[in-house]
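K.L.:
have a look at this prediction, sequence included:
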Amino acid sequence: MSQATLRTGRILLVPLADEHLEDEVELDSDPEVMRYLEGRARTREEVERFHRKRLAAADRVPGLGFWAGSVDGRFVGWWILEPPQRADQGPVEGQAELGYRLLRRHWRQGLASEGARELLRHGFEDLGLNRVFAETMAVNAASRATMASVGMRHVRTFHLEWDEPLPGSEHGEVEYAITRQEWLRSSARP
């Protein structure tokens with residue numbers, strides 16, 4: 001099963017492709033966008049390397065991967081559902097990690113939540129996932145608010161080892177998650 005094209009009220013989500021590289025360069029070259037990820041903008045060469053890894057994610061588990069999101073034909077960011085990569089994240093089967101990254105000019109418009117809700121729906125209804133989780137730095141209040149707004153709950157706070165710790169990393173990382181049963185209960189509400 002290849003990645004599906006998805007739609008929300010405002011966003012068209014298409015499988016990430018080579019045609020999105022320049023959009024990814026713009027996205028990752030903003031130090032504010034990368035603040036809680038690397039603490040600095042990425043170089044073009046770094047983005048090209050990550051682009052290849054993002055494309056390869058679609059080959060690891062059928063139906064999962066990265067989606068480029070656009071509103072009115074303009075790139076706004078990307079969303080992911082990808083299999084767990086670290087042992088502490090749990091089993092790969094039936095589980096995926098949710099993520100999102102938006103151009104700064106599209107922040108605070110509800111787009112991150114809107115795209116995330118659609119990926120949760122897709123993951124649970126179309127792909128039959130049992131659990132979806134997301135992670136961010138504990139100090140990333142905006143991302144945590146997005147996770148909570150789509151029905152995810154705080155599961156744990158944990159610490160990773162960093163070669164070059166970012167400001168705030170001493171507070172750890174957080175994991176939020178939602179199960180298929182929790183999602184079904186919340187989506188059944190009037």
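P.N.:
Everything's here; your move.
K.L.:
tally of neighbours for G110?
P.N.:
14 (other C-beta atoms under 10 Å). C-beta: built from backbone N, CA, C; applies to glycine.
K.L.:
may I ask which helix or strand of this structure has the lowest mean pLDDT?
P.N.:
Across the helices and strands of the chain, mean confidence by mean pLDDT, DSSP states H and E is lowest for helix 180-187: a mean of 89.
K.L.:
okay, buried residues for that one please.
P.N.:
Neighbour counts using 16 or more other C-beta atoms under 10 Å place 180, 182-183 of helix 180-187 among the buried residues.
K.L.:
contacts made by that helix with the rest, please.
P.N.:
The contact list for helix 180-187 (C-beta atoms under 8 Å, 6 or more residues apart in numbering) reads 120-121, 124, 129-132, 151, 153, 178.
K.L.:
write down the beta-bridge partners of the residue sitting nearest the centre point of the chain, one by one.
P.N.:
By C-alpha atoms, centre = their mean, the chain has its centre lying nearest to G99, at 0.9 Å. Beta bridges link G99 to I80 when assigned by DSSP bridges.
K.L.:
now do the SS call for I178.
P.N.:
Following DSSP: H, G, I helix; E, B strand; the rest coil, we place I178 in the strand state.
K.L.:
ok, how many other residues are close to the residue nearest to it when sequence neighbours are not counted?
P.N.:
Excluding the flanking residues, the one nearest I178 by C-beta to C-beta, 6 or more residues apart in numbering is M152, at 4.7 Å. Using other C-beta under 10 Å, M152 has 22 other residues around it.
K.L.:
with the one 3 residues further on instead?
P.N.:
As a burial measure, V155 scores 15 neighbours (other C-beta under 10 Å).
K.L.:
also V150?
P.N.:
V150 has 23 nearby residues by other C-beta under 10 Å.
K.L.:
tell me how far R131 lies from E45.
P.N.:
Between R131 and E45 the distance is 35 Å, computed by C-beta to C-beta, to the nearest Å.
K.L.:
and what of G9?
P.N.:
Counting by C-beta to C-beta - G9 and E45 are separated by 37 Å.
K.L.:
and R131 and E45? which has more neighbours close in?
P.N.:
R131 (20 against 8).
K.L.:
so that one sits against I178, correct?
P.N.:
Yes - R131 is within contact range of I178, at 7.3 Å (criterion: C-beta atoms under 8 Å).
K.L.:
what's the longest helix in this protein?
P.N.:
Ranked by number of residues, the top helix in the chain under DSSP state H is helix 44-60.
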